[in-house]
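Asks: next come a sequence and a model predicted from it.
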Amino acid sequence: MRKELIEIEKIEQYLLKTMSKTERTEFEKQIGSNPDLKAKVEAQQTIMEAVGRMALKQSTKNAHKSFKLKALLTKLIVLMAIVATAGFITLQVLNAENSEKPTGISGNTSFLPRNDSISNFSNKMLEEEIFRISTQQDTVIENKDGVVIYIPANAFDTDNTEIDLLVQSALSAEDILYAGLSTTSNGDALETGGMFYVDAFENGKRINLVKDLQVDVPTDTKVDGMQLYAGEKTKDGDINWVNPAPLKNSLTPVDILTLDFFPPTYDVKLTDWGYPNKEFKDSLYYSFAFEDKEDVFEIPARPLTRDEAKLIYGKEDNRALDNSMSKEESEFLFGVNGNRRISYDEEIGTIFIGFLENNVHINPVSIKTIWNTKFNNTNLATKEFEERLVWIHKSCNQSVLDVYINNLDKPLYEVDLMVVDMVSGEVRSKFIEFSKRKDGKVELDDVATQKLSGYYKTKTKAYTKALLATQKTYWDEQAQKDVDQQKANTESVLRDIRNKEDVFNKELSINLCKVYSELKQNYDCNRKPIPPPKATYSVSVSSTGWNNIDKQVFFATLNRETTSISLNGKTSTLTYDNWIGSIAEHETYDRINVYNIPKTINSYVKIKGDKGKYTYKLNVDLEYETVVLAWNENQLYYTAKTTKKGEETFKLKAISEVDFKTKIKAKLGHINTMDVEIDYIINTRVNEKRVKGNMKRKKLRSRVEPIVFPCLSEITVSSDDPTVDSTSVELKLDD
Amino acid sequence: MNNTKLTHLLRNGKEEKAFTKLYSLYPKVEKYILINSGSKAEALDVFQEGLIILFNKSKTNTDLMADGFLIKTCKYLWQNQLRKNKVRYGDDAQLNELIEDDSELELLIEKENKLNEIEAIVKKISKKCRQIFELFYFKSMRMTQVAEIIGYKSVQSAKVQKYKCMEQARNLALANEHNINLKH
């Protein structure tokens, strides 16, 4: 750094008191002896202070602005308007007397006549802005102060296609004072948020308004209780402010996704029931989508007939006769029929006519279509619409919702009025109340309005298809799974029976072999035992012989009863011991399968049991192993041990599905069909979860349904009977 | 209005908020000045000057009656203004009431007047310089922050720039003083 700059740095440190004490004393000495340095220090100090002062001054100015703003907006009235010729905003003060004044045009600068009954000296003080407006289309203009005026087509009482609109505004206190505008209403002082003057001329001659203009006056803060006053010229030429009317509020759009478009209480209840997730709420709600029954009409590819043209236009219209029928014309002819709802698909040029019977519910598809960012910055993305939607849901009338969607270019209160006739009772009073609030609209140009309307129509259809398809696919899949599980269940039952049979046959062979050998009879232990009897019969046995032995062994094996068989003074006994297997904490399992596996037979018997107690009779000549497989929603369990007579308790150990699949399978796989059984258990468990999930889903759906369709109970009963589901299907299987 | 709260706002960098509240006194001041042959614009100037003096005073005085002090200062300022006018234009506008002399206030006002002159000089330096000055000297920001806000790559270059700005401003100030001295 340069020497000079280093000096400046030092002075700064001195002034900001960041020097050490010794440095400071040293520096003060230098100042004392060097007047040049002293001057520099002083200059630097004043500059530093001046900087602070300038910032403060700015701060006082800013404070003045905020203060003025506050004062303007918190007082009695906030906005005042000077009302010219015809009407103004919501004030339809038509002053016939004014329009009759033929007063001359005041030259090239102003149209305002002298000794006017409306304008006064203030108008001369304010800048005049003149806009040439086409009367045939909607126009939006903005003046120098940011006053935005929306002029609908044909708003003026004229046949001319062009008129001149004079706009003057005094929004700041300075302008108002400069213009000498009064701020009194019948002698009472008013605080003002701004004044504006609008006047319309046709060839320099004042004309009346026949439609309301919408005027947006800029403000930093919107305050409740704003009122619009009309200006009335007094004898002295002052303006007296009269006829206060509440302001038509133009709407402030918010992010549509922050609003709640669900039916009333849906959101809260689902959260209460443990489903706080928005995505889930969405998908559940949209799953209630239903398809409108629609008759599809092509636009007739022919021109209007004379009669039709007469009907539509009240006179023969060549233009209409020249071309093929337009959408509007065909709608008029085929659609204006009270109970029909018309929609038009731009892309395929087809008119859809839905019948009013479908309108007993709000279709969740409509909500899905509008509840997305496409509709941001429209009437729908406002708190005001959210409030109405609650009542639209309650009206159960799809047409009501459609009216709001199809009239995005109109202020909400106008749509409210259209709705009033479509509903009744409490809902009707509510919409009357809404209309009285005079809620306005979010400005939207025609193109956007049309585009969104088209978007709504095509998207609604697309969404309906997609949503219904998704639902159908899901439930079709579920039905298929139900069928598959049924098959598996049947197979499982058959498997058990076959294994039981297998065990019986083999045990019978073993028993026969034993008895015959103990009775010292010749017997081929490999011979096939006689087949089981088709029916039981009782026969008195008076003679002995091999036939007799076979039968006794057969019944002993079948009934599993200890039996002694004697022949020629020799006795052989088949012994069956009681066995009870108790499962510890049996109530924690959803299902318990107990298998007794005779080691030499290599097949299993699935034991029946109740409340954790499983009973069986053990053949003392066979060694058994008991295997217990159990499961609940969360876990598989396993245990196995050598079976001993009497009562045994089994404590199960949790086992992972992977271990179950591999280790248990490896251990028991050698047993006939056990591998299939293990797979079956795993699949069944998955299936049980699925069924439970569906049950829960259906229960939730039937619980939610009256919320989604509040008029449901009055009209139809849901075709989805929640009691018919997979669990009952499963019960049928067990029969 | 709560004076303790006002003083607190003034002392803690929230002067603008305090000023906004204090503007509720402005109608009184304006009325006073209008009655005493002033204009609205003059009234606003006086009031703003008064706010600045109040701000400076609040730095040294904790139990300040902010509203009372402000009103008094404004009256005092206007009295001075009238006196000056009398000297300069022979205007014989008189105050309806006589304000007691207050030497301390006199001192504050004198200082403000001097700064007012310097202000014209500071306005001559570049906007960037003024911004650096404001952030550093008035808002007491660290140079690292200042460098970041203004967009300097390093703190060092911001510092050098600041000293250059000061050099420029100081030279202007000294030249001005010299001119004044020459006139005298």
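Replies: Perfect, thanks for sending it.

Asks: pretty sure A:Lys144 is touching A:Leu126, no?
Replies: No - using CB atoms under 8 Å as the test, A:Lys144 is too far from A:Leu126 to be in contact (10.3 Å). Quick note: C-beta positions are derived from backbone N, CA and C, even for glycine.

Asks: which residues do the two both contact?
Replies: A:Ser169 (CB atoms under 8 Å, 6 or more residues apart in numbering or on different chains).

Asks: look at the one residue in the stretch 551-700 of chain A that gets nearest to chain B and say how many residues are nearby.
Replies: At 52.6 Å from chain B, A:Leu700 is the closest residue in the stretch 551-700 of chain A, using CB to the nearest CB. A:Leu700 has 16 neighbouring residues, counting by other CB atoms under 10 Å in any protein chain shown.

Asks: next: A:Val148.
Replies: A:Val148, neighbours per other CB under 10 Å, totals 15.

Asks: quick check: it touching A:Val167?
Replies: No - counting by CB under 8 Å, A:Val148 does not reach A:Val167; the two are 10.3 Å apart.

Asks: quick check, the residue in the stretch 301-450 of chain A closest to chain B?
Replies: Going by CB to the nearest CB, chain B is nearest to A:Lys383 of the stretch 301-450 of chain A, at 29.2 Å.

Asks: identify the residues contacting that residue.
Replies: Residues in contact with A:Lys383 (CB under 8 Å, 6+ apart) are A:Thr252, A:Val254, A:Leu259.

Asks: what about the strands in the stretch 451-600 of chain A?
Replies: Counting by DSSP state E, counting those that start in this stretch, the stretch 451-600 of chain A has these strands, from start to end: A:563-567, A:570-574, A:576-583, A:591-598.

Asks: winner for burial among the ones you listed?
Replies: Highest mean neighbour count among the strands of the stretch 451-600 of chain A (mean count of other CB atoms under 10 Å in any protein chain shown): strand A:591-598, with a mean of 21.

Asks: what does whichever helix or strand comes after that one rub up against?
Replies: For strand A:591-598, the succeeding helix or strand toward the C-terminus, using DSSP states H and E, is strand A:605-607. Contact with strand A:605-607 is made by A:496, A:499-500, A:503, A:581, A:593-598, A:614-616, as judged by CB under 8 Å, 6+ apart.

Asks: pull the distance from strand A:605-607 to the chain's centre.
Replies: 52 Å (CA atoms, centre = their mean, to the nearest Å).

Asks: for A:Lys641, report the pLDDT, please.
Replies: Listed pLDDT for A:Lys641 reads 90.

Asks: that should have said A:Glu127, apologies.
Replies: So, for A:Glu127, pLDDT stands at 77.

Asks: without its sequence neighbours, what residue ends up closest to the residue nearest in space to the middle of chain A?
Replies: Centroid-nearest residue in chain A, with CA atoms, centre = their mean: A:Asp282, separated by 3.7 Å. Closest residue in space to A:Asp282, ignoring its immediate chain neighbours: A:Lys368 at 7.7 Å, by CB to CB, 6 or more residues apart in numbering or on different chains.

Asks: list the buried residues in the top helix by length along chain B.
Replies: Longest helix in chain B by number of residues (criterion: DSSP state H): helix B:155-183. For helix B:155-183, a neighbour-count test (16 or more other CB atoms under 10 Å in any protein chain shown) marks B:158-170, B:172-174, B:176-177 as buried.

Asks: need phi/psi at the most far-flung residue of chain B relative to its centre.
Replies: Relative to the centre of chain B, and counting by CA atoms, centre = their mean, the farthest-placed residue is B:Lys153 at 33.3 Å. Backbone torsions of B:Lys153, given as degrees, to the nearest 10, read phi -70, psi -40.

Asks: next up, the contacts around it.
Replies: By CB under 8 Å, 6+ apart, the contact set of B:Lys153 is B:Ala147.

Asks: and it, how far from chain A?
Replies: 17 Å (CB to the nearest CB, to the nearest Å).

Asks: would you quantify the distance from that residue to B:Val160?
Replies: 12 Å (CB to CB, to the nearest Å).

Asks: the residue nearest the centre of chain B: which element?
Replies: Nearest residue to the geometric centre of chain B (CA atoms, centre = their mean): B:Ile52, 4.3 Å. Per DSSP H and E, B:Ile52 falls inside helix B:40-60.

Asks: and B:Ile33, by the same measure?
Replies: helix B:26-35.

Asks: what is that helix packed up against?
Replies: Other elements packing on helix B:26-35 under the criterion 3 or more CB pairs under 8 Å, 6 or more residues apart in numbering or on different chains; DSSP states H and E are helix B:40-60, helix B:66-89.

Asks: determine the angle, from 0 to 180 degrees, between it and helix B:66-89.
Replies: 20 degrees (axes from the mean of the first three to the mean of the last three CA atoms, to 10 degrees).

Asks: partners of A:Glu647 in the sheet?
Replies: Assessed by DSSP bridges, A:Glu647 has beta-bridge partners A:Ile580.

Asks: what about it, distance to A:Gly581?
Replies: When A:Glu647 is compared with A:Gly581 (using CB to CB), they lie 8 Å apart.
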